[in-house]
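S.K.: Mind folding the following:
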Amino acid sequence: MSTEVYLLFENLLFFAIATSFFALVGWAWRHSKPFYLPEPLPEWFKIWFGTVQVVGLLLPIAALVWGIWQGYSSVLTILIPYLVMLGLQILSEIVTLRYFHTVVWVMVPYLYLPYRIWQLYEGMTLLSPTNETVWIENLLVVNIVLWTLNYALDLSQLPRLLRWQSE
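M.R.: Presented below is the predicted three-dimensional model:
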C-alpha cells in the first residue's frame, strides 16, 4: 500500500471515529442546556489565537505552496492531510458550538489535537531530510510544540469553559 493511500485511510478512520464519538455524545447530552462561550474572552486570547493562525495555518499553507512549486511530493503528502484535518476540526467546532450549541464543542480539541501532533510526528518520519527541506522539518517541530502548548492551554481553560466555580 502506498504512503498516500495509507494516510488517506488513517485520516478517514480517525475522522469517522471522532465524528461518531461527537454524534454519540451529542445525542446522549441532547437534553442538556445550550452551551455558549463564556464572555468576555481573556485579553491574551487574541494574541494566542493570532499565533495559532499564523504558525499553525498560514506557515503550513506557505510550505505547501513551496512544496508544490519546488516539486516536493513528500511535503504535499504531509501537509495536505494536516490542513484537511485542521479544517475538519474547525468545521466540527463550528457545527457543535454555533449550530447545536452543545458542550460537545469542548471535547473537539481533546480528540483532534493529539491526532494532529501524531500527524506532525508521522510527517517528520516521512520527510526525506535534505538541505532544502530542513525548514519544513523545523516547521513540523515548531507546530508540534505549538499544538502541545495549545492542548495544555485547552486543559487549563476547562474550568472556565464549563463555568466551574472556584472557591
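
S.K.: in this structure, which ranges drop under the pLDDT threshold?
M.R.: Residue ranges of the chain with pLDDT under 70: 166-167.

S.K.: mind redoing it with 90?
M.R.: Low-confidence segments of the chain (pLDDT under 90): 1, 35-42, 128-131, 157-167.

S.K.: Strands of that one, start to end?
M.R.: Under the criterion DSSP state E, the chain carries no strands.

S.K.: In space, what's closest to residue 7 - neighbours in sequence excluded?
M.R.: Nearest-residue entry for residue 7: residue 81, 5.3 Å, with adjacent residues in sequence omitted and distances by CB to CB, 6 or more residues apart in numbering. (Each C-beta comes from the backbone N, C-alpha and C, glycine too.)

S.K.: For the one you found, give me its contacts.
M.R.: Residues in contact with residue 81 (CB atoms under 8 Å, 6 or more residues apart in numbering) are 7, 8, 11, 119.

S.K.: Of those residues, just say which sits nearest to residue 59.
M.R.: residue 119 (15.3 Å; CB to CB).

S.K.: State the distance from the residue nearest to residue 7 to residue 92.
M.R.: 16 Å (CB to CB, to the nearest Å).

S.K.: circling back: quick one: buried ones out of the contacts of residue 81?
M.R.: Buried members of these, scored by 16 or more other CB atoms under 10 Å, are 7, 11, 119.

S.K.: picking up where we left off before, out of the contacts of residue 81, what pair is the most spread apart?
M.R.: 8 and 119 (12.6 Å).

S.K.: circling back to that earlier point, list the ones among the buried ones among the contacts of residue 81 that fall in helices.
M.R.: 7, 11, 119 (DSSP state H).

S.K.: Tell me who's in contact with the second one.
M.R.: The reference is to residue 11. The neighbourhood of residue 11, defined by CB under 8 Å, 6+ apart, consists of 81, 84, 85.

S.K.: do the same with the last one
M.R.: When contacts are counted by CB under 8 Å, 6+ apart, residue 119 touches 78, 81, 82, 85.

S.K.: would you turn those residues into JSON lines with distance to residue 161?
M.R.: Below are the contacts of residue 119 laid out as JSON lines (distance: CB to CB, whole Å):
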{"residue": "78", "distance to residue 161": "31"}
{"residue": "81", "distance to residue 161": "28"}
{"residue": "82", "distance to residue 161": "26"}
{"residue": "85", "distance to residue 161": "22"}
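
S.K.: neighbour-wise, which of the residues you listed leads?
M.R.: Within the contacts of residue 119, most neighbours by other CB atoms under 10 Å means residue 78, with 29 neighbours.
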